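A.B. asks: Sequence and computational prediction follow.
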Amino acid sequence: MLLDAERMIYLLKQRAALAASFEPGRDIMNELIGKVAIVTGASKGIGAAIARQFAKAGAAVVVNYASSKDDADRVVGGILRDGGKAVAIQADVSKSADVKRLFAETRAAFGSPNILVNNAGVYRFGSLEEATEAEFHRQFDTNVLSTILTTQEAARAFDGPGGSVINLSSISSANPVPNSVIYSASKAAVDTVTKALAGELASRRIRVNAIAPGMTETEGLAVAGIDGETAKNLGAALPMGRVGTPDDIASVAVFLASDQSAWLTGERITASGGQH
């Protein structure tokens, strides 16, 4: 029988081997040919990875951004260099007028969209004593109100042939950590919006699902004070032996956007490598 320390080393090696064997984004070619997708907050991180994988799968992609024009242009440039179709469109998706313009410019560029990814989101961790009205409205406007406004517009655009709406939640919506009351509450609201609209829009052939990522290597980790080495150490203790990458989440988004998930709606898929 292996000693405890030896057994732990063995398990960590097995997890690392399993993680290394997974290639996110593989075998997605042609899954989304003929589709037009809007990805909000797609200038960096998970949104950028989703935009790239959608384009690789054949979709024409709108890379939405609020203020990071240079980053959005870089994402679009990379897609175009790889032979894909993409355009960057600025819009604050927490504002109805901007959302309407986003969809109008999408139609002008590529025709009517049939995929919407509500990825735009903000957060700030802090104690209960640090919570303010302004911070509540900042997070809920971007994380929740924008999801409702964009889906409202998508329902008009998708009406008839139908389409897929994918909302970005978080594992913190079900298992919040301390000092995350506003953010966790906003993501729990996204889960509820997903289920409510899935039921409401199903008869119109519009599917609404959510992805709940765990710890993922994005710019947000650095903002939270977690450097690469710390993330690596934290990931080693997770069931899959590492933290997630944006491409891990993007692969799930491709599945939910494609006809492979045609029988799924109202679902919240936890993409966390076993983290809960």
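C.D. replies: Noted; the coordinates are in hand. Numbers count the residues shown, from 1 in each chain.

A.B. asks: CA atoms for contacts and neighbours, from now on please.
C.D. replies: Noted.

A.B. asks: quick one, what contacts Ser68?
C.D. replies: By C-alpha atoms under 8 Å, 6 or more residues apart in numbering, Ser68 lies in contact with Ser43.

A.B. asks: Might you list the low-confidence residue ranges for this structure?
C.D. replies: Scanning the chain for pLDDT under 70 picks out 1-29, 218-237, 239-241.

A.B. asks: report the longest helix in it, please.
C.D. replies: Across the chain, the longest stretch assigned as helix under DSSP state H is helix 181-201.

A.B. asks: Convert that one to CSV, retaining C-alpha atoms only.
C.D. replies: Extracted C-alpha coordinates of helix 181-201, given in CSV (Å, rounded to 0.1, in the frame of the first residue of the first chain):
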residue,chain,number,x,y,z
VAL,A,181,-21.9,39.2,-1.7
ILE,A,182,-22.8,41.5,-4.6
TYR,A,183,-21.0,39.6,-7.3
SER,A,184,-22.3,36.2,-6.1
ALA,A,185,-25.8,37.6,-5.9
SER,A,186,-25.6,39.0,-9.4
LYS,A,187,-24.5,35.6,-10.8
ALA,A,188,-27.3,33.8,-8.9
ALA,A,189,-29.6,36.2,-10.6
VAL,A,190,-28.1,35.2,-14.0
ASP,A,191,-28.9,31.6,-13.2
THR,A,192,-32.5,32.6,-12.4
VAL,A,193,-32.8,34.7,-15.6
THR,A,194,-31.5,31.8,-17.6
LYS,A,195,-34.2,29.4,-16.2
ALA,A,196,-37.0,31.9,-16.5
LEU,A,197,-36.2,32.9,-20.1
ALA,A,198,-35.6,29.3,-21.2
GLY,A,199,-39.2,28.5,-20.2
GLU,A,200,-40.6,31.6,-21.7
LEU,A,201,-38.7,31.4,-25.1
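
A.B. asks: ok, the helix or strand following that helix: who's next to it in the sheet?
C.D. replies: Downstream of helix 181-201, the first helix or strand assigned by DSSP states H and E is strand 206-213. Paired strands of strand 206-213, with direction, are strand 163-168 (parallel), strand 268-271 (parallel) (DSSP bridges).

A.B. asks: Need the winner for burial among those strands.
C.D. replies: Of all these, strand 163-168 carries the top mean neighbour count, a mean of 27, counting by mean count of other C-alpha atoms under 10 Å.

A.B. asks: Now tell me what touches that one from outside.
C.D. replies: 114-119, 147, 151, 190, 194, 205-213, 253, 256-257.

A.B. asks: Which elements pack onto the longest helix of the chain?
C.D. replies: Using 3 or more C-alpha pairs under 8 Å, 6 or more residues apart in numbering; DSSP states H and E, the elements in contact with helix 181-201 are helix 133-140, helix 146-158, strand 163-168, strand 206-213.

A.B. asks: out of these, which comes closest to Arg74?
C.D. replies: Arg74 lies closest to strand 163-168 among the helices and strands packed on helix 181-201, at 22.4 Å (C-alpha to C-alpha).

A.B. asks: what's the angle from the closest one to helix 146-158?
C.D. replies: 170 degrees (axes from the mean of the first three to the mean of the last three C-alpha atoms, to 10 degrees).

A.B. asks: Strand 163-168 versus helix 181-201: what angle between them?
C.D. replies: With the same axes, to 10 degrees defining the directions, strand 163-168 sits at 160 degrees from helix 181-201.

A.B. asks: for strand 163-168, the distance to its chain's centre please.
C.D. replies: Between the centre of strand 163-168 and the centre of its chain there are 9 Å (C-alpha atoms, centre = their mean, to the nearest Å).

A.B. asks: what do you get for stretch 254-264?
C.D. replies: The chain centre lies 15 Å from the centre of stretch 254-264; the measure is C-alpha atoms, centre = their mean.

A.B. asks: Going by neighbour count, which residues of that stretch are buried?
C.D. replies: Val254, Phe255, Leu256, Ala257, Ser258 (16 or more other C-alpha atoms under 10 Å).

A.B. asks: Can I get it in PDB? Just the C-alpha atoms.
C.D. replies: Extracted C-alpha coordinates of stretch 254-264, given in PDB (Å, rounded to 0.1, in the frame of the first residue of the first chain):
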ATOM      1  CA  VAL A 254     -19.300  26.200 -28.900                       C
ATOM      2  CA  PHE A 255     -21.200  23.100 -27.900                       C
ATOM      3  CA  LEU A 256     -24.100  25.200 -26.500                       C
ATOM      4  CA  ALA A 257     -24.200  27.300 -29.700                       C
ATOM      5  CA  SER A 258     -24.200  24.400 -32.000                       C
ATOM      6  CA  ASP A 259     -26.900  22.000 -33.100                       C
ATOM      7  CA  GLN A 260     -25.200  19.300 -30.900                       C
ATOM      8  CA  SER A 261     -27.000  20.800 -27.900                       C
ATOM      9  CA  ALA A 262     -30.400  21.300 -29.700                       C
ATOM     10  CA  TRP A 263     -32.200  19.500 -26.900                       C
ATOM     11  CA  LEU A 264     -30.700  21.600 -24.100                       C
END
